[in-house]
Structures are given as structure tokens and as C-alpha cells.
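In: I'd like to go over a predicted model; first the sequence, then the structure.
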Amino acid sequence: MAFPQPYDPYNPGFQREVPDSDFDELVESSPFDIAVTLCPNCKKQCQSAEAVLEHLNSADTCWPENLINGSMLPTDLSAKYHPTSGYHYLLPDKPPPQNIFQEMQSHPLQQARETNVWYPFDGPGEWSLANFLVENLSQTQIDKFLKLDWFQTRERPQFKSKDELFFYMQQLPGHGPKWQCTKLKLKGYESEQPIHLIWRDGLEVTKQLFANPVYANHMCYDPHYIYQGQEHQFGEFWTSDDAWEIQNQLPEGATIVLIIAASDKTPVTKHTGGLEMHPLFLTIGNIQGDVRMKATSHAWRCTVFMPILTFIINSDFQTLLRSRLWHKCMDLVCSNLKVAARVGEYMIDPSARLCYCFTPLISHIADLPKQLMIACNGIDTYTLIQQLCTRVDPWDLVVFLREAKKLCLSGVHLLYWRNWRRSNPARFLTPEILHALHKFFFDHVLKWIKQIMGHELDVQFKSHHKRTGVRHFSGGVSHVNQMTGHEHRDIQCTIVPTLWGMASPGFIRAVRAMIDFIYLAQNPLHTESSIASMTQALWDFHDNKQAILNAEARQGKSGAKDDFFIPKLELMQSFACAISHVGTLMQWTADVRQRDFDPLINAVVMEDEEVASTETDPAFAWVSNANQAAQLRLQAPHPVRNHFLKGILSDNARIAFNVTVKADRSRLDVSQLQSLYNISDFYHALHLYATRNGCILPGQLSFNTWMKFRIQLHSTFHACRIMLSQQIHTEPPSSNFPRGNCDVVLFNQRVDGGNNGSHVAQVRTIFQPTLPKGSCAQVAKCLSQPLVYIQLFDFVVPGPEPSTGMWMVRRSYTRHPSQSERVIRCGCIIPLTDVTHVVEIIPVY
């Protein structure tokens, strides 16, 4: 096979591309060419980006000293890219390739849109009405709405009927691959309703995603190995062994377009009808994982609605025929993707470059029952099916199903992945976090704990401290039937200390080991040592699981069970192997099926939240760069607020804090503050803090106080990525909170002669000293920053409690400085920047 000449910038012998002049003109007028550039730290105005870099690298740099040498970045990382992947091609006698945006620019109606961007609609009002009607009403309801008498006294839209409305919609550019409806029939078997498959070509959907310039800054095309020291680091699929292996089997210069599918049974109608279908969503693994998994990125495309029908046949064969129909529908939708996986297909990337692409299936995200239906339950499945079909007619259901069960097969003979090159269900049926771990915890581990603790479990969860961002189960957890992934996580964080004193040490160790495994399996980056730690946690569970059986916590319909025959528990043994083959497991989640599905409207028409990106919505960011004027016409999700830009930074610049410009209470004197917060030793603690820092408290001090502040950290796994900020409350006593609503933190500081290290404390108030207006006195530097008054906890024992692996603390008490007979909580004052983490403490019952 002859391949076109590749473009290689490192080899002058290769032909170089001539950029499209229209695209060059757009780039030259890009808003990136601005007269003034601001320093991201001190906001100093510079004439160019180079001037900003010169400023940051200069002797008087505004950047924190310990970051100048890049201490935030790992110094032991190295990378190796595949040498023959991702070439760009030029086809002779062909027009220059165009991405989606350039195709929209060459639309026949583009000239009209230069004066009215909403064309063929009059403006944003008419467009918003049309969009609302199409997304929320049926065609019949649209016609009824447009014929209301209400329009006789008001201006009608240009479209007078549903037909005109849909004609206008079809004139819009960039509407994507066309939907089509195909009528199917199974050989020799009738269904109660006709089989209508509503679908669009999977290859065309893939091309549209691959050519979308919105994702241009979030794409990957080349397999690569990343090493942390001597260890292989596994992140997204591109860093896995399989990515390198697939690329080695392709022609030189080929580009891999990774196909990711997700499906689940979903109700289509609401309230009545009971209609259910199997929607299939497609995306490509070239889009960066944290962008791909955001609902606001719209990186998943609904590609097909597969019907779920009732066949006129014995109920023993209903499931078999439905499975065969599902595989047939998948075969039809993915047929061109399978051809591209075998012989390749030219595709245009987001930068309007031509690539020679292959489309292997690397992941089909589904829950365990659906995975069994896809794989058809066998070892060397397809070979066994082919041998069976030579002996038995596959449409003789009675005989074929009987013989298939002898081979541990489901009875489906035409598997949709059978002729998809490099597809292997042992690889593409990737473990996913939601069902394999969180649902396992809810369906099994939590039930064992309920069996042990009974009503006491709800009592303890009701008494937990309420904290912003964490679900408080005011009604307990025993009666909750369904939870989100966020709520699963909140329970898992506190369930181990809740068991202390209620279960045997072995039982607690088993639960702790399973929680550790669930946590470690969600790492966004893995190395050989982190995989070994995850595997060890699973073995720790197995070493201690007998305690669960001894406590008779694992119950069945006929009483206590003496086994752990749980398919999801067996599946966990494959996690370590899966990570080396397909990368970290957090990129394969079932959430997309449940959040991206929109009901069928007019016959045709999916919460990551663990680590946040500082970037805005990709589409909004791209539009703001390509056309700032159009940005004003769009609405985008609020970006993650980066407090490192304008907030208060810790000494090492790894932590940022934020308080509002205006304090919640202003100019309180000492007595007012002590009375309001019920902290009688506040002034004594402030005096000690000033003395410790070598300054004297000026007279007539007043205080501004806040009821909350925010803390923001960098990700443990991605040193340059920030996490969502966390809110810390410091509310004074009130009718709702008689002792105040105050959160607990970790801080690093030498406390009144104590040792350096991490300490636990409750933040009672955050304040800043001020002087009266017109005062000539000056506040010392150590007092001119936000300070926090905290009340300390002492560690009960030097190390963690053996069974829970957690530290036990108790309130620290001391005698009142002026009333020696009175015992009070031990308090002190530290700078806000000494706080390092928010922590949660669970009462010991």
C-alpha cells in the first residue's frame, strides 16, 4: 500500500505545507496580539509576553522565592514519545483541509451572518424561543403553540409552523452528522412493535469530534512513556503499554483516534408509556481526560437510540433476542469505524491538518451486567462461537442456547466487536469506579456495617459536624436507597472511625483496607509502587475478611453467609493489570451515560469532581480567543476561581487563602469580640502572639472579623493543577449553633514554646487588627495580616490507633490567665497562612 508523503518538520527533505490564507488572516487579527500584558502575580503591565518572563526572572521578581527554581514541579520526570506517530499529510490536487470552524465560515449563508450572527433568525430573542421549542416540546405541541391567539396581539416569529421552524434549524451551520431511521427485523421472530433504529454514523461523529477546534489545546496524538525516577507513570491511555503496542502495529506516521463508547438502559418517556432504549454515547480518547469528562465540555455525542422490545416468543428467549438485537444495532452503527480501524481513514484535526487515522476501540463503559452481555461470558469467546455455529443453526434458539450454556456462552453469535481490529473485551471492558467500587461499597460494605451497628449508625451520622461541601446525613444513612458518587465518598471518609468501639479490630481493619483500596484505585496517576500499595490494600482486606463472617454481618435470604462469592470483589483483582494496559481508571466512568442523556424529542433530536481545572469551559475559551465580540453573546459555566492570582499566599506559595474585601463585622473592640465569640482569653493570646513576634500592641485597637474564609491547595498528583477551594466557617455562638459553627484545621507553627510540626485546632475566629481613623500609630507587620484565634487539640497517643489507622485527639485545656481557679480551652493566635488543611473530626462514642 502506498501512503502519501508525510510532513516532518525535522527533515528538510519532506514537502512543507502552505497554510490556508483565510486561516492566516484570522490568526493575524487574533485577540492574542494585545498591546499590554499583565503579570499573572503582581499585575504589572508589560509590553509583551517576553517582557513578563523577563520580569519574573529578574532579581526583583514578584514570584515567591522558593518557586523560582521550580520546586513545585517534580524534578525526576522524564518522557519518551513514540518516534513514528502523528504525521501530517498533504494530498495533491485536493483543496486545503478545513476544520469545523472553517467549514462554518464557508457556509453559503455566512455572508448574511456577518450582519446578523443569528441568521436565519431575527436575533437572540427569536433564536432562544426556537431553541426552547425544539428542546422541550413535541412537534404537535410546537404547532399548537404557534397557533395560539396570544400571537394575534403580539409580534409573531418568522416561523409560523413546526415545518418552517425545522427548516430554519437545518440552515444552521455545524449541525453534525445526520440522524437516520432504519427498520430492522430478526430472522423468523416477530416483535410486538416494529423495530426502528434511530442512529447516525459512528465514523462521522468521530470525525466531527476530531476536527473540532474547541478541543485544539486539549488533544493528544502520540503514545508516550512517562517515568518518575525509574518507575513508569501511568496516566491517560496514551501513557499505557497498549497505546505503544497499537502504534507499533500501524503504518509509519499513522495517528490513533481512540474510540470510547458508553451505554446503558435509559427511560425515554416520563410518567407514562414506559418506553426504554439503549442510547450509545461516543467520544475520542484524544481529548484530554479532565476535559472529556466534564459535562460542560460536550465531548460525548449521542450516536444511537437502540430499542428495547418485547418479542412474541417464550419468555426464556426474550433476553437472548434483545441481546442479539443490541449487537446487531451496534454492528450497523460502528461498521465504518471498524473499516477505519482496519485500513485507516483520512481525518482533519482541530488545527486543520490532515492525518491518516485508525480507530481502535479502547473502552466500552458499562455496568457489570451490560459488560457480561457485551463479552458474552466466555473465554476465547468468538472462537467457541464460530465452532458452535458450524454444528448448530444459531437461529434454532432451543438447541443453540442449550449448547451455548455448556460452553459458558450467552447465545449471541454475531458480536459487534468480532471484526473490530485490535478489539479484545478483556481490554476494552475497562473497570469503572462508580459501579465497581462505589456501588460495591453501598451494596455490600455498608450493609455489613448496618448489620453490626444497627440504629447506632444513624445516630452517629446525625451527630457529625456540619461542614460546607460535605453531605450531612441529618436522617441517617440506613434508609437512603440511592446516592451520588459525592455522597458515597463522604460516607467512606467517616465510616472507619464510626466503627471504633462497635466492631472487632479485625472487622475494622477489613473495612479500612477496602476504603484504602477504593481511594487508591481513584489515583489520577499511578506508578508501580502506587499499584503495589493498591494491591496490598486488597490483600489486607482478604487477610481480615474472616472477621466479617465471624460477626455474621454478611447476610442472605436464609441467614448468615459463610462466603464472599461477589463478582465485583473478584473483579477488583484485575485492577492492577488493567491500569498497566489502559491507564488510570478514573478516566473510565459511567457518569457520562447518566448525565449526558437527553430524552428523545421530536423522534430525534450525559460531577470529576475531584480535581478541578483552572481553565474555563473549552468552547467559551476558544470563542473568546477567536472572536471576543462573540464572547458577549455566550454564557459559560463559572470557572474554578483561582485564589493564587489575587488571594493571600502561604510562605511557600503552595496554599492560597481568600477572605472578602468587606469584613462581616467591623471595628469591634476587645470586649465586644471576646463577648461575641465567648473567648475570654483572646486579648491574652493576642499579647503572647505580639510578644513572640517582637512587637508591642498599640492602644485603641479594634478588629475586623469574618465568619468564613477559603483555602485552596495544589493537587497532590498534578503539582501545577489547583483543587477546588474549601470553605472554613468561624461563626460565633447563635441560636442555631449555641457553641458556634467552627471548623477544624491542621496548621504548622511553633505554639507557645511547643515543637514544630502539624497540630490540630478549631478555628474560632478570623480577624485583622485596625487602628481608629486618623490615628498616627502604625500596626506592626505581624499584626497587619489576617490572623486566626484557634483552640487546640492534643493527641491522645503519639501514633495512630492500630485498628482504624487514624489519630485520636482531645480538647486541650488550661487555666484562665486572670482566674486561676477557672479551666478554659487552650487557645492561641497564629497567622492565617499557617493553616495547611481542612480536617474532619468524628466524635468517639
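Out: Right, received. Where do you want to start?
In: which stretches of the stretch 351-500 of the chain have low pLDDT?
Out: Scanning the stretch 351-500 of the chain for pLDDT under 70 picks out 377-379.
In: just the strands in it please.
Out: 354-358, 361-365 (DSSP state E, counting those that start in this stretch).
In: biggest strand in this structure by residues?
Out: strand 758-770 (DSSP state E).
In: same list (the strands of the stretch 351-500 of the chain) but as a markdown table, adding distance to residue 641 and mean neighbour count.
Out: Quick note: C-beta positions are derived from backbone N, CA and C, even for glycine. Below are those laid out as a markdown table (distance: least, CB to CB, whole Å; neighbours: other CB atoms under 10 Å):
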| stretch | distance to residue 641 | mean neighbour count |
| --- | --- | --- |
| strand 354-358 | 37 | 23 |
| strand 361-365 | 31 | 24 |
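In: which one of those strands lies nearest to residue 786?
Out: Among those, strand 361-365 comes nearest to residue 786, with 45.5 Å by CB to CB.
In: figure out how far that closest one is from the centre of its chain.
Out: 18 Å (CA atoms, centre = their mean, to the nearest Å).
In: correct me, but residue 581 touches residue 240?
Out: Yes: the pair residue 581 / residue 240 is scored as a contact, 5.9 Å apart, by CB atoms under 8 Å.
In: so for those two, which residue has more residues nearby?
Out: Comparing residue 581 with residue 240 by other CB atoms under 10 Å, the one with more neighbours is residue 240, at 24 against 20.
In: I'd like the next helix or strand past the longest strand of the chain.
Out: Note on strand 758-770: by DSSP states H and E, the next helix or strand toward the C-terminus is strand 787-795.
In: what comes into contact with that following strand?
Out: 677, 679, 682, 685, 689, 730, 744-745, 747, 751, 759-769, 807-812, 825-832, 835, 841 (CB atoms under 8 Å, 6 or more residues apart in numbering).
In: CA atoms of that strand as CSV?
Out: Taking C-alpha atoms only, strand 787-795 is exported to CSV below (Å, rounded to 0.1, in the frame of the first residue of the first chain):
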residue,chain,number,x,y,z
LEU,A,787,-4.9,36.3,62.0
VAL,A,788,-6.9,33.4,63.4
TYR,A,789,-7.7,32.6,67.0
ILE,A,790,-7.7,28.8,67.4
GLN,A,791,-8.4,26.3,70.2
LEU,A,792,-6.0,23.4,70.3
PHE,A,793,-6.5,19.6,70.4
ASP,A,794,-3.9,17.3,71.9
PHE,A,795,-3.0,13.9,70.5
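In: strands paired with it, and their directions?
Out: Its sheet considered, strand 787-795 pairs with strand 758-770 (antiparallel), strand 809-811 (antiparallel), strand 827-831 (antiparallel) by DSSP bridges.
In: using JSON lines, please lay out those strands together with mean pLDDT, distance to residue 782 and mean neighbour count.
Out: Output for the strands paired with strand 787-795, formatted as JSON lines (pLDDT from 0 to 100; distance: least, CB to CB, whole Å; neighbours: other CB atoms under 10 Å):
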{"stretch": "strand 758-770", "mean pLDDT": "93", "distance to residue 782": "10", "mean neighbour count": "21"}
{"stretch": "strand 809-811", "mean pLDDT": "93", "distance to residue 782": "27", "mean neighbour count": "13"}
{"stretch": "strand 827-831", "mean pLDDT": "93", "distance to residue 782": "8", "mean neighbour count": "21"}
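In: could you dump these into TSV and include distance to residue 446?
Out: Listed next are the strands paired with strand 787-795 as TSV, based on distance: least, CB to CB, whole Å:
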stretch	distance to residue 446
strand 758-770	28
strand 809-811	26
strand 827-831	38
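In: which of these sits closest to residue 562?
Out: Among the strands paired with strand 787-795, if distance is taken as CB to CB, the winner is strand 809-811, at 38.9 Å.
In: just the helices in the stretch 1-150 of the chain please.
Out: Listed in chain order, the helices of the stretch 1-150 of the chain (DSSP state H, counting those that start in this stretch) span 21-28, 49-57, 100-105, 110-113, 124-136, 139-146.
In: out of the helices and strands in the chain, which is least certain?
Out: Taking mean pLDDT, DSSP states H and E as the measure, the helix or strand of the chain with the lowest value is helix 21-28, at a mean of 33.
In: what's the burial count for the residue nearest to residue 527 when sequence neighbours are not counted?
Out: Nearest non-adjacent residue to residue 527, counting by CB to CB, 6 or more residues apart in numbering: residue 231, 4.2 Å away. If you count neighbours by other CB under 10 Å, residue 231 ends up with 15.
In: mind listing what residue 231 touches?
Out: 527, 528, 529.
In: which among those count as buried?
Out: Neighbour-count burial (16 or more other CB atoms under 10 Å) is assigned, among the contacts of residue 231, to 527, 528.
In: just the ones of the contacts of residue 231 in strands?
Out: Among the contacts of residue 231, no member lies in strands (by DSSP E).
In: just the closest of the contacts of residue 231 to residue 266, please.
Out: Of those, the one sitting nearest to residue 266 (CB to CB) turns out to be residue 527, at 37.6 Å.
In: now do the contacts for that closest one.
Out: Residues near residue 527 by CB under 8 Å, 6+ apart: 228, 231, 232, 233, 234.
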